[in-house]
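Peer 1: Sharing a model that was predicted from the sequence below.
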Amino acid sequence: MRDMPTEPAIRPDLLQALLDHAEHGITIAEREGSDTILLYVNHAFEKMTGYTAEECLYKDCRFLQGNDHEQAAIALIRTAIETERPVRAVLRNYRKDGSLFWNDLSISPYFDAEDGIMYYIGVQKDVSEVVALQEKITALKDRLASYENAHDKSTACCFKSSSDNICKHA
């Protein structure tokens with residue numbers, strides 16, 4: 001078995017720079033009573049939400065939900081945090097300017113035995129374009145099904161003749 005190095009493998013300032021330059025939002029939070037307060041947000045999080053780190057730190061991250069608290073994903077996230085389990089969910093969040101974005105959120109708990117504190121690492125990705133495309137696909141599938149249903153009824157009396165390749169009406 002190898003001995004664990006006494007010095008970190010990565011310098012703290014380098015780790016900070018790496019997190020700050022990640023493509024997706026990264027947050028670190030801890031439980032404080034019934035709240036999960038933000039201790040760190042990276043630049044991608046600030047860009048995605050429109051909030052600065054100063055506006056976010058020491059707040060519960062629920063502020064991103066605005067008044068939109070009736071989402072199934074919220075209960076799923078709450079249960080995962082209470083049971084200290086990882087979770088991934090897509091939920092509606094709101095930027096500082098009030099505009100909606102769909103947040104693909106992954107949360108992983110990490111217990112620091114030294115401090116006796118449970119931390120939560122969050123990774124956020126704006127998937128608004130993906131959700132919009134999924135909604136368009138669903139709408140198109142519904143229209144197609146409706147068209148096929150109407151078309152089937154109107155052509156119920158029509159059959160194709162294999163010999164003359166024409167449609168004859170009964």
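Peer 2: Structure received. Residues are numbered from 1 along each chain as shown.

Peer 1: Quickly run through the sheet partners of the top strand by length along the chain, with directions.
Peer 2: Longest strand in the chain, counting residues (DSSP state E): strand 100-112. Next to strand 100-112 in the sheet, as set by DSSP bridges, lie strand 87-94 (antiparallel), strand 117-126 (antiparallel).

Peer 1: Show me the contact partners of it.
Peer 2: With CB atoms under 8 Å, 6 or more residues apart in numbering as the test, strand 100-112 has contacts from 48, 64, 73, 77, 80-81, 84-95, 117-128, 130-131. Bear in mind the C-beta positions are built from the backbone N, C-alpha and C, glycine included.

Peer 1: and if you look at stretch 54-69?
Peer 2: 27, 29, 35-41, 45-46, 49, 71, 74, 91-94, 96, 98, 103, 122.

Peer 1: and with 6 Å instead?
Peer 2: Residues outside stretch 54-69 that contact it (CB atoms under 6 Å, 6 or more residues apart in numbering): D35, T36, I37, L38, V41, R92, N93, Y94.

Peer 1: Report the buried residues of it.
Peer 2: Across stretch 54-69, burial judged by 16 or more other CB atoms under 10 Å covers C56, D60, C61, L64, Q65.

Peer 1: JSON lines please, covering the residues you listed and showing secondary structure.
Peer 2: Shown next, in JSON lines, are these (DSSP: H, G, I helix; E, B strand; the rest coil):
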{"residue": "C56", "secondary structure": "helix"}
{"residue": "D60", "secondary structure": "strand"}
{"residue": "C61", "secondary structure": "helix"}
{"residue": "L64", "secondary structure": "helix"}
{"residue": "Q65", "secondary structure": "helix"}
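
Peer 1: which pair in the contacts of stretch 54-69 spans the largest distance?
Peer 2: Greatest spatial distance in the contacts of stretch 54-69: I37 and R92, 21.4 Å, computed using CB to CB.
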